[in-house]
Structures are given as C-alpha cells and as structure tokens.
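1. Pasting the sequence and the predicted coordinates here, then a few questions.
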Amino acid sequence: MDKEDEAGTPAAITGRANAGRAITDRANAGRANAGQAITGRANAGQAITGRANAGRAITGQVITNEMVFAALPPRAPESHKGTYGRVLAVCGCPAYRGAAALSALGALRAGAGIVTLAAPEAVIASVAARILEATFLPLPEDAVVASAALADAARRATVCLGGCGYEPDETAAREMRLLLHHAAGTVVLDAGGLCSLAAEPDTLREAAGRLIITPHPGEMARLADRPTAHILQAPAQIACGMAKRLGAVVVLKGHRTLVATPAGQLYENRTGNAGLARGGSGDVLAGIIAGLAAQGLTPVQAAVCGVYLHGLAADRCAARLSMQGMLPEDILSDLCAVYLENGR
C-alpha cells in the first residue's frame, strides 16, 4: 500500500486542475510524487515542455494507488445491483465478436451492477454462453427498429459504452450518434465507433462534460487529422488539445497512457507492460472505465482509475503467466486480486 501524504489523507481525484508533478512528452524523469492532492489551482510542479511545442509547458500528475482507491470506496453492506449502475455496451460486429465479450466482462469485473450487451443477434449468440452475468439486447437488421431500441436503452443506462469491435462505417456512426444524443450519463467511445465520428466533432461535443474517448495513437491521428508520427512525438499536447476541443476526457493509450481533461489536467499512468500489446486489451480497458463510471465515479475519476487498474492487473498477470503468453481476458482475474488486496 502506498504511503499517505503529509496531511495523512489519501490523494483525491476531483476532476479539477491539479497541482502535481510534471509529465513530459520526452522521456519520463523521476519517480511518481505519490499522495499529492489534485486542486483547482494552477500546476505548481516543474514545467517540462513537449517537443512539438517548445513554447508551451505541459505539467501533470502521475497516477498512484492512493489516488485510485481514494476515489473507489468499498461496497456498502446494504447495497444492491442498482447501486452500482447500468452499463449499456454497444459493441461487437461479426468480424470482432470477441471485443463484445471482453468489453462486457471488463465492465462486470470493474464492479458494474448490470451490464447489457446490445449487438447483432449473431454476435450475441457467440458470446452469451461466455458471459452468464450479462443481459442482452439483440439488434435487428431493420435500422429503424434497432435505432428505437438503442435510444430507449441509452436513456435508461447509467453509462453507455460504444464502439469496441466496430468497423468505422455509417452503421457505427449512426449508432454512436444515437448514444451521444440520448444518453443521460457518461458515454465511453472506443475504436471503430469513435473513429466513425472523426469528421463530426460537433456530434462528439454533444456529450461534452460526460464523454470519455479511448484512442490509441493511430485512432488519435484520425481524430486529429495528423500523421501518427506527430501523435507519438507530442502525445501530451495532442491529448490536452483534443480534450479541450471536444469537452471530453481523453485516454491516449500507449506505453505511458495519458489522461487529459477539458480543464487542462494531465495524468500519466505508469502501470502496464508489453503483454498488453495484443488485440483485445483496449476492449477490456474500455469496459473497466465504463464499469467504474457506472458506480458513480466522474469521467475523470473513471478514466484515471481505469487505466491504472488495467495496467496494474496486467503487471500481476505478466508475473503469473508471462508477458509473452498472457491474454487480455487473463487480466480480469488479476483485477480481482488487486481489488482484494486493497479492501474492495
């Protein structure tokens, strides 16, 4: 367990601007400053400039175990499934059926009370026997009927997760627009669903303040209309700029995943390993973030806690199974161990 800060209380993730240590677009320098509170004041830490924009300092805070579990309280003895929220996962297509299973399982293992997978009947038929705890909303081929069903489900969900295992086509765009328009709570967009709206920033801004996007550098390049090489050169600047542009929490995945907020916060995650470099890891992450948001965490808290827990579980999984052999679904067992060790 990490030490507490000097005041004797765990660090907090509040969704306001932070006063933590610096994070750089260059090589990481120094150790995490564990236990720092995130305040509404300007950053007081050392400023380190990004390589692509040497005139602008970008500072932030490294995510710690203390921050995460301060934001994720233990479950109340008299709670019920409704206490922990409803996740509507609009994920999976015939070519990527596994993404639907992994994202739904991620939300369940994160602790969501109810997870409903909305997908074509062929996808649901493939994954239903693997996910006994989920409920299902089969989407018919008739677009009008499917749209009406999705809109109704989105209105009733605490969190909508969309895009895992989707091709970035017009069907994906139509369904993601529905989620953004009808969802009352947090919306998490990933993969093909997110990329299907790359040319529609106004549509994405419809959920400003409630939206979390989880692109890898290639997907971010599509959103930003810039080469992937540029994203890799200045990830902090790109993530912060996109967060401000869309009014969204941006999870820019990579070796050191970054979480940027519309308020100008930047968080860096230092858990995780190369065993995550395989298809399906991002689906698990998106599901975990959605599951955390369903339990009442703010979009900033859900994103920050999600990337940290996903990476920490992956580190434990690699120690158990090896980076070479571990699979994304294996991580979820280690997430349970992380929760147990931290009294959750």
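-> Sure thing, it's come through.
2. Let's see the pLDDT reported for the nearest residue to residue 330 once chain neighbours are set aside.
-> Using Cβ to Cβ, 6 or more residues apart in numbering and skipping residues adjacent in sequence, the residue nearest residue 330 is residue 317, 5.1 Å away. Any C-beta I mention is one placed from the backbone N, CA and C, and that applies to glycine too. With respect to pLDDT, residue 317 has a value of 98.
3. same question, residue 59
-> So residue 59 comes in at 79 (pLDDT).
4. Do I have it right that it meets residue 268?
-> No - the pair residue 59 / residue 268 is not scored as a contact, 10.5 Å apart, by Cβ atoms under 8 Å.
5. Who are the packing partners of the helix or strand hosting the residue nearest to residue 330?
-> Using DSSP states H and E, residue 317 falls within helix 299-321. Helix 299-321 makes packing contacts with helix 65-71, strand 211-213, strand 249-252, strand 258-260, helix 281-294, helix 328-341 when contacts are defined by 3 or more Cβ pairs under 8 Å, 6 or more residues apart in numbering; DSSP states H and E.
6. List the residues that contact the residue nearest to residue 330.
-> Residues near residue 317 by Cβ atoms under 8 Å, 6 or more residues apart in numbering: 275, 326, 330-331, 333-334.
7. With residue 328 as the reference, measure out to the residue lying closest to residue 98 once chain neighbours are set aside.
-> Excluding its sequence neighbours, the residue lying closest to residue 98 (Cβ to Cβ, 6+ apart) is residue 280, at 6.2 Å. With distances taken as Cβ to Cβ, to the nearest Å, residue 280 is found 4 Å from residue 328.
8. What average pLDDT does stretch 98-107 get?
-> Stretch 98-107 carries an average pLDDT of 98.
9. low pLDDT regions in the stretch 1-150 of the chain?
-> 1-12, 14-57 (pLDDT under 70).
10. Show me the helices in the stretch 51-200 of the chain, by range?
-> Taking DSSP state H, counting those that start in this stretch to define them, one finds helices in the stretch 51-200 of the chain at 65-71, 97-110, 121-127, 143-156, 170-182, 191-195.
11. roughly how far out does the last one sit from the chain middle?
-> In other words, helix 191-195. Distance of helix 191-195 from the chain centroid (Cα atoms, centre = their mean, to the nearest Å) equals 13 Å.
12. same for it, what does it pack against?
-> Using 3+ Cβ pairs under 8 Å, 6+ apart: helix 191-195 touches helix 170-182, helix 217-224, helix 281-294.
13. quick one: contacts for residue 243?
-> Residues counted as contacts of residue 243 (Cβ under 8 Å, 6+ apart) are 249-250, 260-262.
14. let's see it at 6 Å
-> Listed by Cβ atoms under 6 Å, 6 or more residues apart in numbering, the contact set of residue 243 reads 250, 260-262.
15. cool, and residue 308?
-> 63, 68, 269, 271.
16. Number of residues surrounding residue 132?
-> 7 (other Cβ atoms under 10 Å).
17. now it: how far from residue 104?
-> For residue 132 relative to residue 104 (Cβ to Cβ), the value is 11 Å.
18. thinking again about what came up before, among the contacts of residue 308, name the buried ones.
-> Buried subset of the contacts of residue 308 (neighbour count, 16 or more other Cβ atoms under 10 Å): 63, 68, 269, 271.
19. can you put the residues you listed in TSV and add distance to residue 255?
-> Shown next, in TSV, are the buried ones among the contacts of residue 308 (distance: Cβ to Cβ, whole Å):
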residue	distance to residue 255
63	14
68	20
269	10
271	11
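20. follow-up on the earlier one: of the helices and strands packed on helix 299-321, give the one that comes closest to residue 82.
-> Ranking the helices and strands packed on helix 299-321 by their distance to residue 82 (criterion: Cβ to Cβ) puts helix 281-294 first, at 10.5 Å.
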